[in-house]
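# Fold the following for me, if possible:
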Amino acid sequence: MTPGKTNLITDIPGLKVGNAQDAALKSGTTVLTADRPFTASVHVMGGAPGTRETDLLAPDKSVQDIDALVLSGGSAFGLDACSGVVDGLRAMGRGFAVGPALVPIVPGAILFDLLNGGDKSWVENPFRALGRAALASAAKDFALGSVGAGTGALAANEKGGLGSASLVLEDGTTVGALVAANPMGAVTTPGGRHFWAAPFEIDGEFGGLGPDSSTGLGRGSGSPKLDAMMKLAGEIQLPSEGSNTTIAIVATDAALSKAQCKRLATAAHDGIGRAIVPAHTPADGDLIFAAATGTREVSADSLGPLCHAAALCLSRAIARAIFHAGPAEGDILPSWQGK
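Sure thing, here's the model as predicted:
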């Protein structure tokens, strides 16, 4: 397996990604869409998810194809980004036809970035407009780091961000991952330079420093992120749950059923567990969508390798998100690049 041409999820033919963000808000939205509707499912392992229309993605539900997936900042407010994407798709003539009506199907998930130093004093929810703008910008090439849903993301020790990675399997099938990394846990080992995902790095894609040579790792409990958020909250006590989250999409050009997409999403959670310590906590809403464009027929025994590749891509995408994050005015944590 080797990375695709751009090492992005859009190495899968037909997929496009768009980002929109507001620097003052320190938040934004990311949209994944395709040239035509695609199959998708979802698996949640975090304790505090925030979602829209994910029930439709269960294998036993009647909707078979969707038009887009949304990852957004903004906590519950960010779910309105899906409405902006629906507006834009409807204007394009996209959607599920019900007689003369078109209904775009757009599931989404959000992360918590309301305590990151940005101005959250809006009067009108800004995320609907951000969603529509992200859709309008969708293309094969897109930026990583402090953009889209990763704009205001924070990991335990440094800024989070938006990341992506891809792999082409021996049979030519392509797998990719797209992630907004905002975990309670750490993406870097103590000292903040080495990534937990380092054993899976390819061609120095997130710095090439290799694995941390220390042993006995993972036992520390300090979190600069939590300390900084508590300082912003002042005397208001932070809730013990719901102030983090890593949300992701894994995708392939293979022809998969909804049930197979569900298994792909479930297996891809290994990628979070390998790249973030700790992962899937009660304070995270960790969630993975899986999407299949169906343009490539695969053998019955191909699902195992696809699941393995999806987990590898997601680990790498998480590290790339933090690696590419950049500094901005008002940050409450440094970026990895700025340390």
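# who's in contact with the closest residue to residue 305 other than its chain neighbours?
Distances taken as CB to CB, 6 or more residues apart in numbering place residue 169 nearest to residue 305, at 6.0 Å, with adjacent residues excluded. C-beta here means a position set from N, CA and C on the backbone, and glycine is covered the same way. By CB atoms under 8 Å, 6 or more residues apart in numbering, residue 169 lies in contact with 1, 175, 305-306, 309.
# Same check on residue 132?
Per CB under 8 Å, 6+ apart, neighbours of residue 132: 84-85, 87-88.
# so, if you compare the residues you listed, which one comes nearest to residue 7?
residue 85 (25.3 Å; CB to CB).
# Give me the next element, helix or strand, following the one helix or strand that closest one maps to.
Per DSSP states H and E: residue 85 is located in helix 81-91. Next helix or strand after helix 81-91 toward the C-terminus (DSSP H and E): strand 96-98.
# Pull the distance from that next one to the chain's centre.
28 Å (CA atoms, centre = their mean, to the nearest Å).
# ok, residues contacting stretch 189-208?
2-3, 7, 157-158, 165, 186-188, 209-212, 214, 217, 220, 274-277, 312, 315-316, 318-320, 322-323, 336, 339.
# ok, back up a step: can you pull the phi/psi pair for the residue nearest to residue 305?
phi -80, psi 170 (degrees, to the nearest 10).
# Give me the pLDDT for it.
Looking at residue 169, its pLDDT stands at 96.
# same check, this time on the one 5 residues further on
Residue 174 carries a pLDDT score of 97 in this model.
# all numbers from here: first residue = 36
Renumbered: residue one is now 36, and that last one reads residue 209.
# That one against residue 45, yeah?
No: contact criterion CB atoms under 8 Å: residue 209 and residue 45 do not qualify, at 9.9 Å.
# Tell me, how many residues neighbour the closest residue to residue 164 other than its chain neighbours?
Leaving aside its sequence neighbours, residue 164 sits nearest to residue 119 (CB to CB, 6+ apart; 6.0 Å). By the measure other CB atoms under 10 Å, the count of residues near residue 119 is 27.
# what's the answer for the one 3 residues further on, then?
With neighbours defined by other CB under 10 Å, the count for residue 122 comes to 17.
# got it, and residue 179?
Residue 179 has 23 nearby residues by other CB under 10 Å.
# How about residue 292?
15.
# can you check residue 68 too?
Count around residue 68 with other CB under 10 Å applied: 28.
# That one and residue 170 touch, don't they?
Yes: Residue 68 lies in contact with residue 170 (CB under 8 Å); the separation is 6.7 Å.
# Are any of the contacts of residue 204 buried, and if so which?
210, 340-341, 344 (16 or more other CB atoms under 10 Å).
# Quick one: the strands in the protein, in order.
Shown for the chain, the strands assigned by DSSP state E span residues 50-57, 62-79, 86-87, 101-107, 131-133, 136-138, 143-145, 196-203, 209-217, 280-289, 322-331.
# Counting by contacts, list what the fourth one packs against.
So that's strand 101-107. strand 62-79, helix 116-126, strand 143-145, helix 162-171, strand 209-217, strand 280-289 (3 or more CB pairs under 8 Å, 6 or more residues apart in numbering; DSSP states H and E).
# Name the strands paired with it and say parallel or antiparallel.
strand 62-79 (antiparallel), strand 143-145 (parallel) (DSSP bridges).
# Show me the shaky parts of the stretch 236-374 of the chain.
Counting by pLDDT under 70, the ranges of the stretch 236-374 of the chain that qualify are 256-257, 262, 264-265, 267-278.
# for this protein, which helix is longest?
helix 338-359 (DSSP state H).
# For that helix, name the packing helices and strands.
strand 196-203, strand 209-217, strand 280-289, helix 293-310.
# Test my guess that residue 189 contacts residue 217.
Yes: Residue 189 is within contact range of residue 217, at 6.0 Å (criterion: CB under 8 Å).
# Comparing the two, which shows the higher neighbour count?
residue 189 (33 against 29).
# tell me which residues form a beta bridge with the more buried one?
residue 194.
# Relative to residue 62, how far out is it?
12 Å (CB to CB, to the nearest Å).
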